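Novice: 3D, please:
(one chain, ligands or ions: 2)
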Amino acid sequence: METAVPPIVLDIDGTLTDAPGRLDPRVFDVLPTWDAPVVLATGKAFPYPVSLCHYIGIEQTVVAENGGVVLAAGEVSYNADRDAAQAAAEEFEARGGDIGWGEFDAVNKWRETEVAVNLSADEDLLREVAAEYDLDVLDTGYAYHVKTPGIEKGDGLRAICETLDLDPADFVAIGDSENDASTFEVAGRSYAVANADDVAKAAADEVLEESYMDGTLSVLDSLRER
Ligand SMILES: O=C(O)COP(=O)(O)O
Ligand SMILES: [Mg+2]
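Specialist: Numbers count the residues shown, from 1 in each chain. Ligands and ions are numbered 1, 2, ... in the order given. Modelled structure (predicted):
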């Protein structure tokens with residue numbers, strides 16, 4: 001007899017996407033039919049994972065902005081505010097830095113608790129300014145995130161588990177970058193896809209042989225076949 005699948009917590013960029021960040025269409029098959037809670041935990045601004053859940057057709061159970069915003073069972077919590085990150089971003093630009101998203105900045109327009117900066121930006125200058133404002137800079141491989149220290153995706157997963165009366169130790173986590181290390185610590189079992197950065201690989205229980213959605217599906221398929 002097959003055992004029930006576990007709840008899962010999935011990073012988006014680099015884990016459910018290809019290298020440039022395009023969603024892998026196989027998520028439309030595997031996630032709506034997953035017979036346990038699915039949490040999307042991302043660095044993306046809050047509306048992105050909410051819309052992704054909507055269009056995939058799954059419950060909106062989301063950690064966004066690296067833990068800054070959490071949504072479960074219709075309850076939303078904000079665990080940081082954007083003001084300090086915004087001030088640092090403005091200082092970065094005053095010193096000649098470029099946030100790098102062009103005229104219309106959809107990356108930050110609806111971001112409530114941090115500021116994300118294009119990887120083309122001057123990293124040394126960004127880190128220097130962020131440090132002056134006592135902020136962290138996370139490099140996800142898709143953007144630099146200027147954020148409040150101590151607020152992480154893993155905290156969001158814990159909060160969701162309290163809301164939904166789940167045990168984080170039952171969760172299987174999959175991710176690709178340093179912003180997933182906290183999720184890996186909170187979840188019971190964790191996997192880094194082959195394209196993951198060194199921090200994620202070191203934090204994961206297991207590093208997968210396959211990259212991106214191929215890696216993610218290898219875990220989900222084997223969980224289904226148990
Ligand atoms: O927004 C990013 O920079 C990365 O997003 P992710 O956490 O879903 O990989
Ligand atoms: Mg990622």
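Novice: So which bits of this structure are right by ligand 2?
Specialist: For the chain, the residues in contact with ligand 2 under the definition C-beta under 5 Å from the ion are 11, 13-14, 176-177. C-beta here means a position set from N, CA and C on the backbone, and glycine is covered the same way.
Novice: Please name the nearest non-neighbouring residue to the residue nearest the centre of the chain.
Specialist: By C-alpha atoms, centre = their mean, the mean C-alpha position of the chain lies nearest to residue 42, the distance being 2.0 Å. When the adjacent residues along the chain are set aside, residue 42 lies closest to residue 12, with 4.3 Å between them (C-beta to C-beta, 6 or more residues apart in numbering).
Novice: and if you look at residue 136?
Specialist: Take residue 136 and drop its neighbours on the chain: the residue closest to it by C-beta to C-beta, 6+ apart is residue 149, 4.7 Å away.
Novice: Let me see the contact set for the one you found.
Specialist: The contact partners of residue 149, taken as C-beta atoms under 8 Å, 6 or more residues apart in numbering, are 134-136.
Novice: List only buried entries from those residues.
Specialist: Buried residues within these, counting neighbours by 16 or more other C-beta atoms under 10 Å: 135-136.
Novice: Looking at the contacts of residue 149, which one is closest to ligand 1?
Specialist: The closest of those to ligand 1 turns out to be residue 136 (C-beta to the nearest ligand atom; 13.5 Å).
Novice: who does the closest one bridge with?
Specialist: Beta bridges link residue 136 to residue 147, judged by DSSP bridges.
Novice: go on, residue 17?
Specialist: For residue 17, the residues forming beta bridges with it (DSSP bridges) are residue 23.
Novice: In this structure it contacts residue 23, no?
Specialist: Yes - the pair formed by residue 17 and residue 23 meets the contact definition of C-beta atoms under 8 Å, at 5.5 Å.
Novice: Near ligand 1, which residues of the chain are found?
Specialist: Residues of the chain found near ligand 1, taking C-beta under 6 Å from any ligand atom as the criterion, are 11-14, 42-44, 140, 142-143, 177, 179.
Novice: pLDDT weak spots in the chain?
Specialist: Using pLDDT under 70 as the threshold, the predicted model of the chain has low-confidence ranges 1-2.
Novice: can you map out the strands along it?
Specialist: Assigned by DSSP state E, the chain shows strands spanning 8-10, 38-41, 62-64, 69-72, 75-78, 115-117, 136-139, 144-147, 172-175, 189-192, 206-207.
Novice: Partner strands of the fifth one, with direction?
Specialist: When you say that, I think you mean strand 75-78. Strand 75-78 has the following sheet partners, assigned by DSSP bridges: strand 69-72 (antiparallel).
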